[in-house]
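> model the following, please.
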Amino acid sequence: MILILIELGIMALKDKKKSVNDGKVIKIVKDELDKDGFNYFELQSIVSMINPDMTSVIVNTGYLEIAIEVDNDSGKIISKERIARQ
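I've put the predicted structure just below:
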């Protein structure tokens, strides 16, 4: 009985995916904005969702707002949209 419980515990640990936390998401967004030539930005919003497992970030660069979605499992950027401010 104990061996079965140990095996189930090991299987549960294997199934658990490493999730990207908000600090890593902000670093991913910062690196992407640096690559695009935006040296300054102000974080407007950061929202983590469970299903789908992603984090949505909105930043303000002064004259432009940028929305970036990051996959929490892989840490890759899913989408990036630029929104002109009036």
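
> buried set for stretch 29-37?
Residues of stretch 29-37 classed as buried under the neighbour-count rule (16 or more other CB atoms under 10 Å) are 29, 32-33. Glycine gets a C-beta too; all of them are placed from N, C-alpha and C.

> nearest to T55, of those?
Nearest to T55, judged by CB to CB, of those is V29 at 9.1 Å.

> which elements pack onto the helix or strand encompassing the closest one?
If you go by DSSP states H and E, V29 is part of helix 22-35. Judged by 3 or more CB pairs under 8 Å, 6 or more residues apart in numbering; DSSP states H and E, the packing partners of helix 22-35 are strand 42-49, strand 54-60, strand 64-71, strand 77-84.

> got a list of contacts for the shortest one?
Around strand 54-60, the neighbours that count as contacts under CB atoms under 8 Å, 6 or more residues apart in numbering are 20, 22, 25-26, 29, 33, 41-49, 65-72, 78, 85.

> which parts of that strand are buried?
Using 16+ other CB under 10 Å as the test for burial, strand 54-60 gives 54-60.

> looking at those residues, which is nearest G37?
G37 has its nearest neighbour among the buried residues of strand 54-60 in V59, at 13.7 Å by CB to CB.

> and the closest one, how close does it get to I50?
The gap separating V59 from I50 is 23 Å, by CB to CB, to the nearest Å.

> do the same with F41
26 Å.

> do D34 as well
Noted for D34: a distance of 29 Å to I50, by CB to CB.

> please apply the same query to G23.
Separation of G23 from I50 (CB to CB): 18 Å.

> again, but for N60
26 Å.

> identify the residues contacting G75.
Taking CB under 8 Å, 6+ apart, one finds 20, 24-25, 28 in contact with G75.
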